[in-house]
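**Student:** Show me how the following folds:
(one chain, ligands or ions: 1)
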Amino acid sequence: MLKVLAFAGSLRKESYNHKLVSAAAETARASGDVEVMLVRLNDYEMPFMNEDLEGEKGLPENARRFRELIEKSDALLISSPEYNSSITGVLKNAIDWASRPPKNVWMGKPVMVLSASPGAFGASSSGFQTRQILLQLGAYVAPQKVACPHADEAFNEQGQLVNEFVQKNLKKMVPGFLEFAKKLN
Ligand SMILES: Cc1cc2nc3c(=O)[nH]c(=O)nc-3n(C[C@H](O)[C@H](O)[C@H](O)COP(=O)(O)O)c2cc1C
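**Tutor:** Purely as a prediction, here's the structure:
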């Protein structure tokens, strides 16, 4: 059974990226023998990366817990919001903590990157940059990707995805990603 970890790079309660990655997690669960764990970075609040905190006492507790989650997963779904044409500080900080000694836990992990924004491009610049960072860290960044433009109109009051185009893309891309991840595992 493939263990998939899913999260978004936003701390916002009504985060569109959290809603999008939730929809991707649902699609993954529906497509078969996978176990999906959906988490929020709010539950792993980490200090800003500071090498002084990496000393003898070990990593900050939440950075350690977050790294462990990644290490134990076989594949990841990450939705990347866009701030000023780039990835959020929160997501970059979490990626950085998980890249540090004793082990870069991104190495060899299959990852599918999604992105959502109220804008017309669905945070695609941020998605592109997230893929680039993870590639540099040795993750197997999947060719499958999904961007959700006009995210302010893409979800209903219950937070469910109602944009048919994005729904169709998820149904096409997520099973393809799971196949990719299974082959690598
Ligand atoms: C500091 C800041 C900068 C932003 N810059 C962009 C941007 O460059 N492109 C974009 O599409 N949206 C931008 N936005 C709007 C975000 O896409 C929007 O706030 C979105 O809801 C954030 O994702 P979330 O809903 O998952 O928290 C920006 C928002 C903030 C707070």
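**Student:** Tell me the spacing between the residue nearest in space to the middle of the chain and the ligand.
**Tutor:** Geometric centre of the chain, nearest residue: I78, 1.2 Å, by CA atoms, centre = their mean. To the ligand, I78 is 12 Å away according to CB to the nearest ligand atom, to the nearest Å. (C-beta placed from N, C-alpha, C; glycine too.)
**Student:** Dihedrals phi and psi, that residue?
**Tutor:** Main-chain torsions, I78, degrees, to the nearest 10: phi -130, psi 130.
**Student:** who's it bridged to?
**Tutor:** Assessed by DSSP bridges, I78 has beta-bridge partners F7, V113.
**Student:** Looks like it contacts R131 (just checking).
**Tutor:** No: between I78 and R131 there is no contact under CB atoms under 8 Å: 9.5 Å.
**Student:** Give the residues shared as contacts by those two.
**Tutor:** Here I78 and R131 share the contacting residues 111, 113, scored by CB atoms under 8 Å, 6 or more residues apart in numbering.
**Student:** Would the longest strand seen in the chain count as contacting the ligand?
**Tutor:** Using DSSP state E to define each element, the chain has its longest strand at strand 140-148. No: judged by CB under 6 Å from any ligand atom, strand 140-148 and the ligand are separated, with a smallest distance of 9.8 Å.
**Student:** That strand packs against which elements?
**Tutor:** Where contact means 3 or more CB pairs under 8 Å, 6 or more residues apart in numbering; DSSP states H and E, strand 140-148 is packed against helix 16-30, strand 110-116, helix 124-136, helix 164-184.
**Student:** I'm done for today, thanks for sticking with me.
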